[in-house]
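Undergrad: structure for this input, please:
(chains A, B and C)
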Amino acid sequence: MSTVAETPPASRDDEKQSGIRQRADALREAGVMAVALAVYRSYIFRRFVFLLFVIWIAATVIFIIPRLSGQDPVKEKLLLEAQRGGAIQSGLDAVAKSYQARLGLDQPLLTQYGNFMFDIVRFDLGPSISFFPRSVNSIIADSIVWSFGLIGTTVILGFTIGTLAGAFLGWPKAPRGVGILFMPFLTISAIPQYLAGIILVFIFAAQLEWLPLFGPYSPGTTPEWSFSFVVEVIRHATLPALALVLSAIGFWAVGMRGMMINNQGEDFMVQAEAKGLKGRRIFFRYGVRNAMLPQVTGLALALGTLLTGALLIERVFVYPGLGDILFQAIRLSDFFVIRGIVFTIIVMVAVATFLLDILYPYLDPRVKYSRS
Amino acid sequence: MTTATPTVTGSVQSNISDEVALRVEDLKVYYETPRGTVKAVDGLTFSLRQGERFALVGESGSGKSTLAMALMRLTRPPGHIAGGKAILHGTDLIGLSEEEMRKIRLSQMALVPQGAMNSLNPVMRVGNQIADGILDHLPEGAQKPSKDEMRDRVRDLLDRVGLQPMVARLFPHELSGGMKQRVAMAIGISLNPSVIIADEPTSALDVIVQRQIMQTLGRLQEGLNAAVILVGHDMGLVAQFADTVGVMYAGKLVEVAPVRTMFKNPLHAYPRLLIDSIPTMDEKKKMVGIPGMQPSLLNLPPGDAFAPRSPLQFSAEDARVEPKLVEVEPGHWVALSRPSVEDFDKYAHLVDYR
Amino acid sequence: MTAEGTTARPVVAPEPDAPQGGWADFYENRVYPVLQYAKRNPPLIVGIALLSSLLIFVALGHLFYDHELYRPLSVPTREAPSWDYPFGTDTQGRDLFAVAIRGTTLTLRIGLIAGAVAVVVGTVFAFIAAYYRGWADAVIRVLVDVGLTIPPLLILILIAINTSEPLTVDQMGLAISIVAWVFPARTIRAQVLVLRERSYVEIARLSGTSGPAIIFKEMMPNLLPYITASFVTSVAAGILASIGLEAIGLGIFSAPTLGMTIYWNIQFSSIILGMWWWWLPPIITIIIVFVGLFMISAGLDEWSNPRLRKSV
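TA: Reported below is the predicted structural model:
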């Protein structure tokens, strides 16, 4: 290298100074890290407060809505049962007493609210009316596993595959034919999941008879940890999962395509090419990496809709998750089970949103740690 | 007349070699729009020698940035390179395959981008953005450098552009505009390219930072003995940096000259007006703008595009004449049409008007 | 140097006189550009075509078919499609062609009510929040954030199980709008915030134009694409919510909406019964509605954001 014409103020110094500078650098770096960590912690704290706030609002709404309607769903339900002389006739008195104590409808509103919140804080959702004296908690605990397995898997699969597919659709260097997929994706994304489920049942279960029509496993099989039982469960879960994944793929692919195309105009995409980077690296590290950020935000926003859509699919497939129980409870007017499931799902969505919120700064270093 | 290739002889800088680094011949970049063809760069010819600092100036829309992108072969639809050659050390870039061109980018010809503000990937640490260009240009079968090696190279590059090593760990949004521009330069020199295209590297920076950046760019250029094409519109900044200045108007070069000649004795009316419009400290002269606007490049009629704005009175007949780039003295080229040069008669024999 | 007449300065052609009127002119200036644009934006056209064909079907059906046969027990049960019953009949003796005509109308009605109310409420809140900022913004923003986190269907379930009398179709639309306004509010608030910083709005403000005048004269024209898109999305969301509510058993049992038809299908296992003519029409209709709305919204997106155009 030839001689250096002029030294910029911050670059070349003699040995001693550079030693000091290095130490200063290290200190500064440590300082920056500490500040960043503190900012991040306060961000998490604020998101956590928001999580609690959402849960509180949800609980309050659940408390208020029945009281706004000016009727007592439990009393009506009990009356109905008494008239029918149904199966739970024998325990009716016990049920009635238990509710009296629980709801305390003769007490002032504020006391009722206090009692209600006290139960909510302990996550005590009360006893079921139709399955008295089983608690709502135990009913939910039994069914939540099925929902969790189905929804968790399909949301992640659908999001990942859909985002990648959309990235290809929005990539100018993708093979020509890929573009044809856009219209099908657009169409699929517009079909509600449970309708897709009905179509799939018709094709693969009723017509082709490849997969079972409904249920978590064949009637008559006993749940156990064996290979054949696991296969059985997977076979039964395939169609509902496929319906959920397919419509999710369409939805995320359409969104991601738009983001990718938008991204093409960014300076850093041009510069990535000017740097002579390999296509793969530009695609993943520059294109997808940036275009997926709005997708993740979108995931947080869409979680609620995705989850409720999945609940409805359980109804189509008589899959014994929260959605199916919810349907049963609605049919039996089992107010406490409905309330419990609604609250549980809201908490699930809120927690998932919270998790995405605290994950997001790792994906986007620019986030100012303040969404609200 | 033989092909017009403006080159500079007798430049102020002594380290300009005779070796031609980049030769652009009749390069055309057109944009196809529903309403017609926009000739953004229309038949540009010049050559650039190793170690030369060539500044390309013109108003926005004159095609200078289009040219920069075309030389990197980064013209995007609806734009396309409609013809011509860009010969880098004997290889015509226009004819290369996409993959061959990719290998040349950064390693032989680097772009220091316009608006460094957004030209860095916002979600990637600066160090990785310097490293990935190096990694993607390893020779066939070469071993991937170790993490430590890479870190040292990145540190060294940052040091050469006047940045501290810790910058490698930062994200672009944590840098100031000047620092980002320095990072862009560090990326640009990371593989010792022989040609650096700096596309308005100082736009959107404040004046003091602009000066520092230009000094750093100059120092880097000397260190590498690279040829630099500086695209810009600030005549003052260009005057301090360049050996040679080319002035573009409506997709064409109107004058190319060594920097001193250009400022002392511009022949074409357009550069003359450009230079007159630079405010000076010592004399309180009236600021002069250039009347009129650059014409739309859409379906531009043949002839001298500057004629309607020229203070010289063009006759309708003269305006229709296509000006030719003529070497009026060694290293001094001007787009010559009858009224556009004051002492036209002196150079008239060089032009073949039929 | 030379006389004025010889300069080559471009002569500006005199502006052509005001449009001459007449159909040719109307076509040239109004219709032709729209057609040209349509060519560049196929989703918008496909979407509008899908929904229009549905509306035409419904309109013709109302005019020429005895759509009162949607009631149970009005026709023989479980008949496959025939000349008499084009879409067949179900297990409870409904004429499914009549159900399709009535159901499509009802479902669209729920969606339109929900979408319109949601967009109006959402837009008003968005303007209050983004234009006046301060505590109003804080409250609305928190409301929107919470509303976005809580799945709307769940709130609707709570509302539906607590109403003493069965809802009517219009009430259902209104109930849905209670939860559906948050999304338009969010989108439009963000756009108002952007517009607020535009210089022409600032100038209007500095020159003493009143808030409502700025909102309606300066901002509204620029927001229309977004408001339209929000409306389309809200209609889709409203229909989706109504069908969900109906599928889970909280629908209006006397109304033959698309969602209720799906409900009866699931309830009576029409797939196992092999009655494809029962479940297929409502599903296809719903798909047409959603794809149509979605295409229109994608087309509007392309309109307000030309970068998405395929030519990129």
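Undergrad: list the buried residues of the strand or helix carrying B:Ala21.
TA: Element membership for B:Ala21, per DSSP states H and E: strand B:20-33. Neighbour-count burial for strand B:20-33, counted by 16 or more other Cβ atoms under 10 Å in any protein chain shown, picks out B:20-25, B:27-31. In this view, the C-beta of every residue, glycine as well, is placed from N, C-alpha and C.
Undergrad: next, count neighbours for residue 141.
TA: Reading this off chain A. 11 (other Cβ atoms under 10 Å in any protein chain shown).
Undergrad: actually chain B
TA: B:Gly141 is flanked by 5 other residues according to other Cβ under 10 Å.
Undergrad: hang on, it in a helix?
TA: No - under DSSP: H, G, I helix; E, B strand; the rest coil, B:Gly141 sits outside any helix and is assigned coil.
Undergrad: kindly state the pLDDT recorded for it?
TA: The confidence metric pLDDT takes the value 82 at B:Gly141.
Undergrad: ok, now C:Pro152?
TA: 88.
Undergrad: go on, A:Leu213?
TA: The per-residue pLDDT reported for A:Leu213 equals 79.
Undergrad: which SS state does the residue nearest to it when sequence neighbours are not counted fall under?
TA: Spatial nearest neighbour of A:Leu213, chain neighbours left out: A:Ala205 (4.5 Å); criterion: Cβ to Cβ, 6 or more residues apart in numbering or on different chains. Three-state call for A:Ala205 (three-state DSSP): helix.
Undergrad: and A:Ala205, what does it touch?
TA: A:211-214, A:239, C:271 (Cβ atoms under 8 Å, 6 or more residues apart in numbering or on different chains).
Undergrad: chain A versus the closest residue to C:Ser270 other than its chain neighbours, what's the distance?
TA: Nearest residue to C:Ser270 in three dimensions, chain neighbours excluded: C:Trp278, at 4.4 Å (Cβ to Cβ, 6+ apart). To chain A, C:Trp278 is 11 Å away according to Cβ to the nearest Cβ, to the nearest Å.
Undergrad: same for the strand or helix carrying C:Trp278, what does it pack against?
TA: Per DSSP H and E: C:Trp278 is located in helix C:276-304. Contacts defined by 3 or more Cβ pairs under 8 Å, 6 or more residues apart in numbering or on different chains; DSSP states H and E place helix C:276-304 against helix A:182-189, helix A:193-200, helix C:42-64, helix C:96-132, helix C:220-247, helix C:258-267.
Undergrad: about what we covered before: ok, and the most crowded of the contacts of A:Ala205?
TA: Among these, A:Leu239 has the most neighbours (other Cβ under 10 Å), with 25 neighbours.
Undergrad: in three-state terms, label that residue for me.
TA: Secondary structure assignment for A:Leu239 (three-state DSSP): helix.
Undergrad: what sits against it?
TA: By Cβ under 8 Å, 6+ apart, the contact set of A:Leu239 is A:197, A:200-201, A:204-205, A:211-212, A:317.
Undergrad: what do you get for C:Pro282?
TA: Residues in contact with C:Pro282 (Cβ under 8 Å, 6+ apart) are C:99-100, C:103, C:258, C:261-262, C:265.
Undergrad: how many other residues sit next to the closest residue to chain C within chain B?
TA: Nearest residue of chain B to chain C: B:Ala319, at 3.5 Å (Cβ to the nearest Cβ). If you count neighbours by other Cβ under 10 Å, B:Ala319 ends up with 24.
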